[in-house]
Every structure is written in structure tokens, then in C-alpha cells.
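Novice: could you look at this predicted model? Sequence included:
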Amino acid sequence: MNKFLLTVAFAAVATGSFAQGRADSSARRAAIPGGFAGNVTQQRAVPRPYKTIITDKAVTRAGLFKTHKVDDKYYFEIGDSILNREILVVSRIARAGADVRAADGYAGDQIGNTVIKFEKGPNNRIFMRKISYRAYSADSTKSMYQAVQRSNIQAIAAAFNIAAFSPDNKGTVIDMTDYINGDNEVFFFSSPQSKQRIRLGNLLTDRSYIENVRSYANNVEISTVKTYGLLAAASPFGRGGGAPAPTAGGANAANGSVTVELNTSLVILPNVPMKGRYFDPRVGYFTSSYTDFDLNPQGVKDVQLIARWRLEPKAADMAKYKRGELVEPKKQIVYYIDPATPKKWIPYLMAGINDWQVAFEKAGFKNAIVAKVAPTAKQDSTWSMEDASHSVIVYKPSETENASGPHISDPRSGEILETHINWYHNVMKLVHDWYMIQTAAVDPRARKMTFDDKLMGDLIRFVSSHEVGHTLGLRHNYGSSSSVPVEKLRDKAFVEANGHTPSIMDYARFNYVAQPEDNISAKGLYPRIGDYDKWAIEWGYKYLGNKGPDVEKEELNKMAIESAKNRRLWFGTETNPDDPHSQNEDLSDNAMVASTYGIKNLQRILVKLPEWTKQEGEGYDDLENMYNQLTTQFGRYMGHVAKNIGGIYENPKSTDQAGPVYENTSAATQREAMTFLDKQLFTTPTWLLNQQVLNDIGASPLQVIYTRQDAVLNRIVTPRVFNKLVAAEAMDGAKAYKVTDFMGDMQNMIFREVKSNQAIDVYRRNLQKLYVDKLIDMVKPAPANAAAQAVAFGGRGGAPRDPEQTDAVSVAKAQLRAINAMIKSATISDSMSTYHLQDLSDRITEAMNPKS
């Protein structure tokens, strides 16, 4: 659930005209009815009689506009009523091979998103304009409106000769074949960079073709097979570490080519946009954004509208709705299940959708969202998953361990129009491994490599609900779990009634805090739709009279202020790198205590892994995988704790709410975190080094410990953390956890043996080397050349160090001097310890006195 392609991009990209690539004369080109016109075609095109273009051989599909296939040509017949209407174009990878997947390009991934409109131009041509909503002014009576329009002219992305007029003269026919067969940034990859990201070079036209074009009432779907040159993997030694330059024709001959199937959706936007609702940082919604020139009379205002479905009471039920009675909406939100889905999983996927009904009841609607099994071809030959009027959970037979919830929304209002949730078959392995490592100590059902269908079905249901939440407009709420006191997660009555987190949109997988003696059932282990989810749906979907965002803003603000009284309704953003409350994969209000419980369970699980992963006739791959999952989970606990060092809490508030928005993590909490790291990580966690497991999988005990310690030191021994500690002292004074306190604690913990003149074992020697190397990285002198210096320190060429780094560097140097002095005064007789300390002293001396 790592990929959620949910936010619409609005930047207009100027796209040049496209030439056919032939050496025809201008006069001859002008008379050719098909193709799209390049800048050499200025002469008036000559449309031909309809029947000579759309012949008896034509395969015609009626819909948003008629599509015709005549031999190998594809024509759009665009009705005059569609001209000048905004059409949303969304492009995705439909199918991809191993080469593309290896470069992080998967089926279902969105590769393009823009808005176009067709309009009549001079000389019997149709123009395709690319529409930008970056700047906005709605009041056409004001001079600002005209100024914005003049400064925001929409780019003409392509021009097409009119091949023929419709028989009723209410439409025009254009030949789209060359445009669809080509490589453009409207229908396919939105930029060269988006292709290069997955190592695709230039289009190889001789190995590309149009597979299908289908028209429906509100959308046209285009399927193409495209072959691209495969670029070499980026090298850190070439071209500044960026993508390599393609050879002539876009393909590196040594790297061959790659073929992908792409799907392009053209979706008509509503003639009258839905009334938008302003984003509020206290409630986590995806957004559409633009710059408004009307709202601020003395400037501009950046506006964000939340993504949500159009949900309104029926006119006949409006009085009931206002009285507080539950009513069914004018139009339900319907999700279909892909017919390719294995039948035994369908009920669980449907349950994950229907579980959201209780949340919509908080907004005043019953049966607002419903799951249905997609009809078969025999039941309804006109039904198609590709029809944009249908939202579908699409089952993909893929090895990808993931699921994703993208949606298509109207950039003018935020209205969600449809979604195709990507459900990858191998997500079952992901949830299996999570559940086994996090709950096998308390749930006997998790103690095997193949779960019973009921357990796997329950896990599928949870993932389904999470992804549906994204398609309802909800972002991750990484802070939700921090509202639950840690001991409540061991309280059977509480956790079974309320769940272990108030939001299924958190990444709070399963209750790893519960201990075997707590006797907590599955109800207290699984995520579920909780208090925050219900509140967020109420805030986003409650019908307030369709009055518009400016009128609704006051009432919605009052709702948000009221919600602040209940911490379980708190939204913790997924993007704050400093807030210890907003973390993924964590539980409770105290990472130190929760992680201690989690480690106790990992210790119980580790000794049983050889038994639980054993399968007759199989090797040790499962044991290796689950051991790696276990050490990764241990690493997560360390990361949750480490984020408290230099932590800054964020509490989004409006100006009419009391209290600060940002607060430094208390010194007591940071000291508690340091004590935990000393006990559980810096003191070698030898319990991880199960001899039987390591012998069976061939893992190095040194690497196991090194990897986890290195990850934490990379997080806390950095200029960023040092500077946050310095800033906290500047703000909080004596009550702050100072950077000097941190350095003193680190030295006492990591060099304990040196201070007491005791032998240092290999694990602790590695830890001490790691720590010294992190400090040395902070004090390395700036590169000699100005350009490299600018990269290293973010300043202009020749500029001094960033002032915010000066104290960090000073402290790191002081720590290195203190360590070196301590080493020189140590009297340890063990030979390896002596060699190690001499090496550390040499490293420090070289770093502090570098050779030219």
C-alpha cells in the first residue's frame, strides 16, 4: 500500500505541434483528410463527403463521441455539443513486463493526467487545447478576470484537419490514427522524465500499434501497445548520477527494448461543476489546487479543494435529511468487483467496501456506498470495467506485494468521478508476513506459512477498506494511533470494542503490543473503520445545502474546533518528518513502552520460527524471509523511538483555537528514548542472533546487528537533528534536552567499555566505528571547487557553510576531540580493543587535520 496515485496535477506544459514525418508538399498535405496538422499546414483543408471517409467497412461505437475504425484508421466524430467541453485525460500502464516492473513501473500506475478541449479553428481544422487550472478568476464582470484570461492562454497541443462533416452537420470527423500511434504528452507519458524514471527511451514506431478504441456514454478508452528503447540503468559516475543519455533513436542497442500496454481514458467533465469544499489541515483529504485572484483583494490566495464524491439527498428526502433522519443519496457510490477475482475472496473485498456505510451514516446517508459483483458478458454484454462510469476493484495476477487506490477527480471542484483500485494478487503475502510477525505470539492461527481462508479473508477485508478509504478522498492518518494510551492496547474490553487505532487510514497494521496473557481476540488485533474515519467522512460529505465553499467554511470550522476536544478525532499528517506522533507502522502514545512489548513478542516468535516455517520437502527460504521480516519489525521499533530525538509535535489549528501549533518534544521523553536505545540497540541485542536460524539461512550475525544500529545512527547523528536540538534550547532554555546532553549520553552509552577500561567485543567495536564515522561525515571540509561546495551546502558557488550547520559542526568536532582524548587515556590490555582504538584515533586525527 505504498502507492496511492490520487492527487491531480494542473501545471500546463506547452506542447508543440506534431508533424506527420512525410516529405509531402503543403498543398498535398492540406488535401489529406486524415492525420494531424503540423506547422507546415496553413492552407485550408478540404473536408470530403462523409461516406468516402466513414465507409461501409467502418466499425462504429457510439458514446461520448462516435469512434470509427476503418481498416487501420481510427476516426473521432465529435459532436458540436462536445466542442469546448473540458475532457479529463488520464493515462495508466495497463500491462508491463519484468524490465519495467524492475524499474518501479507497475500495471495500474498513472503516467499522465491533464485536461483538454476540442475547438474549431480556422482553415477547417480542429484544435486540441491543453487546459491549465493553475490560475483562476470567476467573476467575468471584473477587470481581474480579463487580466487572468490574457495571462493564462491555453496551449494548443495538436491540430487536426477536418476529414468530413457529420451527415446532420452537427459534428466533425478527424483522423486520430497518427496522434494515437505517436508519442505525445497528452495521451501517454506526461513528460520525458516520467519515461526515463522507468528507463524508457524513444518510441519505436515499427513495434507499436493501436489495440482498441472504445466509446461509452461519458468516456472514450484507448488501448495502445507501445515499444520503447530500454535505457541503461543510471550510473553514479555518469552524467551527474542522472539518467543516461539515449542513443540515436532512443534505444541503447546493448539494452534492447521494452513493450508496455497503455490505457488512456478521456472522461467528459460535468457541464456544471460540483460546489467544492475547502481543504482544512485538521482533516486529511486529498486535494485539487489553484491560485485564486478573486478571494484576496490585495493579493492572491492559494486554494485547495478536497477530493470527494458528489453525494446529495434526493429532493423528496430533503426535509427528512434536515431533521436528522438517515436518507439514501440521490446517487449511490457503487464499487464493482472484477469478475477475474477468485470467488472465495469476493465476499471479503465486498465487506471492505460495505464497511464504510457506517461512516456515511454519520454524514446523514444510509446505503451511500455499496459493493456489487460485476455482471458477466452473458448478463450484460454492454458492461465494461473500462467504462469510466464504473468504479472497480481490479484483480491483477501480479507478483507485486501491494494494492493502490487511485481515483479520477474533476480539477475544477474536486469531485471524484471514478476509481479503479489496483488489487495485486501477491498482496496476500504482504499481509501474511505482517500478521505472522506482529501477532503470532498471541494468535495461534498466525503460526504457519499458509493461513486458513477465514483469516486471509479477514486480512483482505482490512486492506480493501483501507484502499477504498483513499478512493473516498482520505489521506493516510499516521497520527491516529498516537491517541491510544499504550496500556489500553492490552485492555481486552477496550481494544475489542474500539480497535487499536481510531483510523483504518493509519499504517497501524496489527496490535503488536498485546501480550499472550491478555487473551485478546482477533477483534482487538485487526484494524477497522474507527472514530476518526467516521468523523472525517461526516466533515467531508455532510450536505450543507450546496452553498459553496465560502459559505460552508464557517460551519466546517466549528465542526473542526469541536472535534479537537476528542483526541481520537485527530489527524496526523503523513508528511511531517519531525513529529513523533505521526509515524507509520507504530502504535500508542509511547513508542518506548509499545516497542518494549513488541520486542517481547518478537523474542517469543523467533525461537518458534524454525517450527512454524517448516514445510516438508522445502528448503529454508520461508525461514529466511520470516527472519528478515522479524529483524525489519525490530528496526521499525527502533525508528519509532529514534524520531523522538529532536522531535517537534505538530497540532494543526485555526487562529480561533488556543495553544501552540508546534511544540518541542519534552526533555523527559527524549531521555526515555535514549535509555530505550541504549538498552535495546546499543547494548548488543544478542537475542536476535538465534544460532539455529543463522546456521540454516547462512546469515552473518555481524551484519544483522550492524544493519539495525547503522539505520538508527543515520537518523539521529545528523546536522538536522543537532540543529533541532540547538533550536529547542534557544526556545525552551534550561528545560530543553540540549545537544550537549545528547552528546554526553551518546558518549556514555557507546564508549562504556573505554570509560571503564574493559575489553570491547566485536559488536561494540563496530558500533563505535559507526558512531565515529557519522561524526566525521559531519565535519568533513567543504569541497575545494565552488560548484561542488554549492551542492554540498546548498549555497551559491564560493558561499560559506550554511549558518544553520555551524553549531552542528562545532558540536560534532567537540565530540570527536573528547572521544580521541578518552581513547588516548584508556588502558585496555585486550589486543583487538587496542587495535580498534588506535584505528579510531587515526580516523579522528585525519578528519580534524585533513591532508591537502
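Specialist: Received it, and whenever you're ready, just let me know what you need.

Novice: contacts only, for residue 485.
Specialist: For residue 485, the contacting residues are 588-590, by Cβ atoms under 8 Å, 6 or more residues apart in numbering. Just so you know, the C-beta spots here come from the backbone N, C-alpha and C atoms, and that holds for glycine as well.

Novice: then residue 845?
Specialist: Contacts of residue 845 (Cβ under 8 Å, 6+ apart): residue 820.

Novice: in what helix or strand does it lie?
Specialist: Residue 845 is part of helix 831-848, with elements assigned from DSSP states H and E.

Novice: mind listing the helices for the stretch 251-400 of the chain?
Specialist: 318-322, 346-354, 357-362 (DSSP state H, counting those that start in this stretch).

Novice: most tightly packed of those helices?
Specialist: Highest mean neighbour count among the helices of the stretch 251-400 of the chain (mean count of other Cβ atoms under 10 Å): helix 346-354, with a mean of 21.

Novice: which helices and strands does that one pack with?
Specialist: strand 333-337, strand 369-373, helix 453-471 (3 or more Cβ pairs under 8 Å, 6 or more residues apart in numbering; DSSP states H and E).

Novice: hmm, residue 572 is touching residue 480, no?
Specialist: Yes - using Cβ atoms under 8 Å as the test, residue 572 is close enough to residue 480 to be in contact (6.5 Å).

Novice: ok, those two, which is more surrounded?
Specialist: residue 480 (29 against 26; other Cβ atoms under 10 Å).

Novice: that one and residue 442, how far apart?
Specialist: In this structure, residue 480 and residue 442 are separated by 22 Å, where distance is defined by Cβ to Cβ, to the nearest Å.

Novice: for residue 260, same thing?
Specialist: Residue 260 sits at a distance of 45 Å from residue 442 (criterion: Cβ to Cβ).

Novice: go on, residue 530?
Specialist: The separation that residue 530 has from residue 442, given Cβ to Cβ, amounts to 21 Å.

Novice: give me the element residue 162 is part of.
Specialist: strand 155-165.

Novice: could you list every helix and strand in contact with that strand?
Specialist: Using 3+ Cβ pairs under 8 Å, 6+ apart as the contact definition, the elements that strand 155-165 packs against are strand 36-37, helix 50-53, strand 125-131, strand 171-175.

Novice: residue 603 against residue 687, yeah?
Specialist: Yes - assessed by Cβ under 8 Å, residue 603 is found in contact with residue 687 at 5.5 Å.

Novice: more neighbours: which of the two?
Specialist: Here residue 603 and residue 687 are set side by side on neighbour count (other Cβ under 10 Å), and the busier one is residue 603, at 16 against 13.

Novice: just the element for that one, please.
Specialist: helix 591-606.

Novice: now that helix - C-alpha only, CSV.
Specialist: This file holds the C-alpha atoms of helix 591-606, laid out as CSV (Å, rounded to 0.1, in the frame of the first residue of the first chain):
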residue,chain,number,x,y,z
ALA,A,591,6.8,4.3,21.4
MET,A,592,9.3,3.2,24.1
VAL,A,593,6.8,1.2,26.1
ALA,A,594,4.9,-0.1,23.0
SER,A,595,8.2,-1.2,21.4
THR,A,596,9.3,-3.0,24.6
TYR,A,597,6.1,-5.0,24.4
GLY,A,598,6.7,-5.6,20.7
ILE,A,599,10.2,-6.9,21.3
LYS,A,600,8.9,-9.3,24.0
ASN,A,601,6.7,-10.8,21.3
LEU,A,602,9.4,-10.9,18.7
GLN,A,603,11.6,-12.9,21.2
ARG,A,604,8.7,-15.4,21.6
ILE,A,605,8.3,-15.7,17.9
LEU,A,606,11.9,-16.0,16.9
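
Novice: which strands or helices does whatever helix or strand comes next after that helix pack on?
Specialist: Later in the chain than helix 591-606, the nearest helix or strand by DSSP H and E is helix 609-612. With contacts defined as 3+ Cβ pairs under 8 Å, 6+ apart, the secondary structure elements packing on helix 609-612 are helix 621-642, helix 691-697.

Novice: comparing the helices and strands packed on strand 155-165 by mean pLDDT, which bottoms out?
Specialist: Here the lowest mean pLDDT among the helices and strands packed on strand 155-165 goes to strand 36-37, at a mean of 48.

Novice: distance of residue 442 relative to residue 120?
Specialist: In this view, residue 442 and residue 120 are 69 Å apart by Cβ to Cβ.

Novice: so these two - more neighbours on which side?
Specialist: The residue with more neighbours, out of residue 442 and residue 120, is residue 442; 24 against 14, by other Cβ under 10 Å.

Novice: element containing the more buried one, please.
Specialist: Applying DSSP H and E, one finds residue 442 in no helix or strand.

Novice: which residues touch it?
Specialist: When contacts are counted by Cβ under 8 Å, 6+ apart, residue 442 is found next to 514-516, 518, 520, 525, 601.

Novice: redo that, cut-off 7 Å
Specialist: Neighbouring residues of residue 442 by Cβ atoms under 7 Å, 6 or more residues apart in numbering: 514-516, 520.

Novice: over to residue 92?
Specialist: Contacts were defined as Cβ under 7 Å, 6+ apart; by that measure residue 92 touches 108-111, 263.

Novice: give me the subset of those lying in strands.
Specialist: Judged by DSSP state E, the contacts of residue 92 include 110-111, 263 as members of strands.

Novice: so residue 229 lies in a strand, does it not?
Specialist: Yes - when the secondary structure is assigned by DSSP: H, G, I helix; E, B strand; the rest coil, residue 229 falls within a strand.

Novice: how many residues are close by it?
Specialist: By other Cβ under 10 Å, neighbour count at residue 229 equals 23.

Novice: repeat for residue 675
Specialist: Neighbours of residue 675 under the rule other Cβ under 10 Å: 14.

Novice: could I have the helix or strand it falls within exported to CSV, CA atoms only?
Specialist: With the criterion set as DSSP H and E, the secondary-structure element containing residue 675 is helix 667-677. Extracted in CSV, the C-alpha atoms of helix 667-677 (Å, rounded to 0.1, in the frame of the first residue of the first chain):
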residue,chain,number,x,y,z
ALA,A,667,13.4,16.5,27.6
ALA,A,668,11.9,13.7,29.7
THR,A,669,10.6,11.9,26.7
GLN,A,670,13.8,12.3,24.8
ARG,A,671,15.8,10.9,27.7
GLU,A,672,13.4,8.0,27.9
ALA,A,673,14.0,7.4,24.2
MET,A,674,17.8,7.5,24.7
THR,A,675,17.5,5.0,27.6
PHE,A,676,15.5,2.6,25.4
LEU,A,677,18.0,2.8,22.6
